[in-house]
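Give the three-dimensional model of this entry:
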Amino acid sequence: MFAHPIHPAVVHFPLGLLLTSTIVDLGYLAGLWPEVHFAAWLMASGLVAAGVAVAAGVFDFRRLTEAQIPYAVRHMGAMAVAVIGYGVALYLRRESLTAGAEPSSASLGIAIASAAVLAVGGWLGGELVYRYGAGRVESEAPPQG
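Take a look at the predicted model:
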C-alpha cells in the first residue's frame, strides 16, 4: 500500500490469535483455565486473520527479488503447515465452539505442534524481512530546502 508491503503489517493478528489459542490450551491442560471453548474461538479468529495475511503475502510476493524467493518459499511452507494444522485442530474440536465439549487429545496435540511450526514460520518471515530485506523500499534522498 503506497509502496509499503501489506503482509508484515497484518501477520501479527493471526500469529497472536493462534499462539494465544495454544497458550489457552496449555492453561486448560494445567488446570489454570476452565473454559474449553475460548481456545477454539481464538483459533477460528486466527484462521480468518490468516486468510487476510495469506492474501497480503501473495500480493507482496510479486515484489521479491529472485534471491529472496527461496527464503519466502520456506516461510510460506512452514506457515501453510501451521495453518493447516490449526484448521485440523479446530475441525476436531468443532463442538467446542457451540457446546463447550472437551477438546480431544489429538486436537490439543495438533494445536501444540502447529504452534511450534508457526513460531518457526514467523521466525523465517522475520529473517526474510530483517536479514534479506524483503519489502524494503529504497527511498529517495530528502529534498534539500
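
Okay, buried residues for the host helix or strand of V73 please.
Secondary structure assignment for V73, by DSSP states H and E: helix 69-92. For helix 69-92, a neighbour-count test (16 or more other CB atoms under 10 Å) marks 71-72, 74-76, 78-79, 81-83, 85-87, 89-90, 92 as buried. In this view, the C-beta of every residue, glycine as well, is placed from N, C-alpha and C.

Of these, just say which sits nearest to Y130.
Of all those, Y130 sits closest to Y71, with 11.3 Å by CB to CB.

Could you report the neighbour count for the closest residue to that closest one other than its chain neighbours?
Nearest in space to Y71, with sequence neighbours left out and distances taken as CB to CB, 6 or more residues apart in numbering, is L128 at 4.9 Å. When neighbours are counted by other CB atoms under 10 Å, L128 registers 23.

list the contacts for L128?
Residues in contact with L128 (CB atoms under 8 Å, 6 or more residues apart in numbering) are Q68, Y71, A72, H75, A134.

For stretch 50-61, what is the distance to the chain centroid?
Offset of stretch 50-61 from its chain centre (CA atoms, centre = their mean, to the nearest Å): 11 Å.

Please save the CA atoms from that stretch in CSV.
C-alpha atoms of stretch 50-61 as CSV (Å, rounded to 0.1, in the frame of the first residue of the first chain):
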residue,chain,number,x,y,z
ALA,A,50,-4.5,-15.9,8.4
GLY,A,51,-6.6,-15.8,5.3
VAL,A,52,-6.1,-12.0,5.2
ALA,A,53,-2.3,-12.4,5.8
VAL,A,54,-2.0,-15.0,3.1
ALA,A,55,-3.8,-12.8,0.6
ALA,A,56,-1.4,-9.9,1.5
GLY,A,57,1.6,-12.2,1.3
VAL,A,58,0.6,-13.4,-2.2
PHE,A,59,0.2,-9.8,-3.2
ASP,A,60,3.6,-8.8,-1.8
PHE,A,61,5.3,-11.9,-3.2
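
In that stretch, which of the residues would be classed as buried?
Neighbour count says stretch 50-61 has A50, A53, V54, A56, G57, D60, F61 buried, by 16+ other CB under 10 Å.
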